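*Asks:* Generate coordinates for the sequence data below:
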Amino acid sequence: MEEENYRIESDSMGEVQVPAAAYYGAQTQRAIQNFRISGLRFPREFIRAMGLIKRAAARVNLELGFLSQEVAEAIIQAAAEAAGGELDEQFPVDIFQTGSGTSTNMNANEVIANRAIELLGGEVGSKTPVHPNDHVNRGQSSNDVIPTAIHLAVAESIKGGLLPALMACQKELEAKSAHFDHIVKIGRTHLQDATPVRLGQEFSGYARQMELARARIEQALAGLMELALGGTATGTGLNAVVGFAPKVIAQLAEETNLPLEEAKNHFAAQGGQDALVAASGSLRALAVTLTKIGNDLRWLASGPRCGLGELHLPPVQPGSSIMPGKINPVIIESLLQVAVQVMANDWAVAIGGQAGNLELNVMLPVMAYNLLQSVELLRTGISNFTEKCLQGLEANEQRCRELVEKSLALCTPLAPEIGYDRAAHIAHLAYESGRTVREVALELEVLPKEKLLKILNAEEMTRPGVPGKAERE
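*Replies:* The predicted model follows:
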């Protein structure tokens, strides 16, 4: 670009050329030049959190008498624009930057300051009448603002996006459990035939897994309610007057409808990031749950003629470039890939959590990026799975009946009546002859016919009495 497309700004290290149209300033420009690494940027949720923090801080600094009405109102409007997404293109700093996120905190300070200057009719880049450090960042440090923004962004994303998606998926699984409850099918352990179950029972297990996953995430979410704001540089609170942080946090709580509070110990809140690690761990556990459910559905729907074929997945697209008519479980495969990414992200967050060197963790940006990506991937992946797979899922009742009748595991309830060895002999004879257990048992007359048929009723096998009931009576 020609030189006239730039303006000259300065910081403590000297002069810097900054694009004339940019709201960011010298320190952001240095970060752009220093960290040409990945092209990855902080997501919208994080920029919103930064805007909310800076707006609340300006309001409190006005109340405390540290900002004039004019300056405070300009900062409040500029910060609101940042929170609302109007200035997102002004946040170009790479994720792989200073481990404290100082570059991004200064990015926010400069953007909000310069936009406020513009609102007041001043010269962008002049730092007057609004200064990025003295006014926008007053009472704050990157070291307490960035972890606060991460907690805020992750908490809002979980509460407003992921938890509703989880609940919708759980409700759909519960509905399928009720709808399929009359269908008896063969159970399987070790991928081998086992005693019968009802298809509704299988789906009740999936629904409960989702319920428990949601509970674990909600428990981890509670840990994000403690905010580091107020600790400033090292946790001592230097340069933040008494009462500043609680007032800012109270405003953030009202804005987000979250039960936010100041960290009980700022050294823990800034030197360690255990709450983020715990939150990521709960997302990893959810990813494992989704993998279990997704793989089960793929097995049960395998075929359509040469697999298990007990379920029919909704067809959503052709499955092969060479095999006409082939349909693949692509929605589930998409969800499984989301789960893999979330588990990988958790590893990055866990390693990042170990970078708490004395009074500060220095992997905050990468922890934020991976954690927020996991929340968003799970939200969209689960919603897509619920809508495009679960809602149209159907059972193949005839196939379920056929497989139950053929199963050798029907011998199991015979064991208490005729002994394990005789029951096993019947199973071997059935397998070797290609007949059913029922046919062989009737032929051998191991029990009276009426009693035998009652014992071999597969539906009854899925509803056993309470163990020990006869003894108690």
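*Asks:* all contacts plus neighbour counts: C-alpha atoms, from now on.
*Replies:* OK.
*Asks:* what's the domain layout of the chain?
*Replies:* Following automatic domain parsing, one gets these domains for the chain: 3-138, 144-397, 407-463.
*Asks:* Tabulate those (CSV), appending mean pLDDT and mean neighbour count.
*Replies:* Formatted as CSV, the domains of the chain follow (pLDDT from 0 to 100; neighbours: other CA atoms under 10 Å):
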stretch, mean pLDDT, mean neighbour count
domain 3-138, 97, 20
domain 144-397, 97, 19
domain 407-463, 93, 16
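*Asks:* now the helices for the stretch 301-450 of the chain?
*Replies:* 330-353, 364-388, 397-406, 415-418, 420-433, 437-444, 449-455 (DSSP state H, counting those that start in this stretch).
*Asks:* what comes into contact with the fifth one?
*Replies:* With CA atoms under 8 Å, 6 or more residues apart in numbering as the test, helix 420-433 has contacts from 408, 409, 411, 412, 414, 415, 436, 437, 440, 441.
*Asks:* can you rerun that using 6 Å?
*Replies:* 408, 411, 414, 415, 436, 437 (CA atoms under 6 Å, 6 or more residues apart in numbering).
*Asks:* same question, the fourth one
*Replies:* Contact partners of helix 415-418, identified using CA under 6 Å, 6+ apart, comprise residue 423.
*Asks:* same thing but at 10 Å, please
*Replies:* 421, 422, 423, 424, 446, 447, 452, 455 (CA atoms under 10 Å, 6 or more residues apart in numbering).
*Asks:* pretty sure the fifth one is touching residue 440, no?
*Replies:* Yes. Using CA atoms under 10 Å, residue 446 and residue 440 qualify as a contacting pair, with a distance of 9.3 Å.
*Asks:* Please tell me how far stretch 169-182 is from the chain's geometric centre.
*Replies:* 23 Å (CA atoms, centre = their mean, to the nearest Å).
*Asks:* and that stretch, C-alpha only, in PDB?
*Replies:* The C-alpha coordinates for stretch 169-182 follow below in PDB (Å, rounded to 0.1, in the frame of the first residue of the first chain):
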ATOM      1  CA  CYS A 169     -31.300 -34.800  21.900                       C
ATOM      2  CA  GLN A 170     -32.100 -36.400  25.200                       C
ATOM      3  CA  LYS A 171     -35.900 -35.800  24.700                       C
ATOM      4  CA  GLU A 172     -35.800 -37.300  21.200                       C
ATOM      5  CA  LEU A 173     -34.000 -40.400  22.600                       C
ATOM      6  CA  GLU A 174     -36.600 -40.700  25.400                       C
ATOM      7  CA  ALA A 175     -39.400 -40.400  22.800                       C
ATOM      8  CA  LYS A 176     -37.800 -43.200  20.700                       C
ATOM      9  CA  SER A 177     -37.400 -45.300  23.800                       C
ATOM     10  CA  ALA A 178     -41.100 -45.100  24.500                       C
ATOM     11  CA  HIS A 179     -42.000 -45.600  20.800                       C
ATOM     12  CA  PHE A 180     -39.700 -48.700  20.600                       C
ATOM     13  CA  ASP A 181     -40.600 -50.200  24.000                       C
ATOM     14  CA  HIS A 182     -42.800 -53.000  22.600                       C
END
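*Asks:* still on that earlier bit, reformat the contacts of helix 415-418 as CSV; add distance to residue 329.
*Replies:* Formatted as CSV, the contacts of helix 415-418 follow (distance: CA to CA, whole Å):
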residue, distance to residue 329
421, 42
422, 42
423, 39
424, 37
446, 45
447, 45
452, 41
455, 38
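*Asks:* What is the helix or strand harbouring residue 32 packed up against?
*Replies:* Here residue 32 sits within helix 26-34, counting by DSSP states H and E. For helix 26-34, the packing partners by 3 or more CA pairs under 10 Å, 6 or more residues apart in numbering; DSSP states H and E come out as strand 6-11, strand 14-19, helix 102-119.
*Asks:* what angle sits between the longest one and helix 364-388?
*Replies:* If I follow you right, that is helix 102-119. 80 degrees (axes from the mean of the first three to the mean of the last three CA atoms, to 10 degrees).
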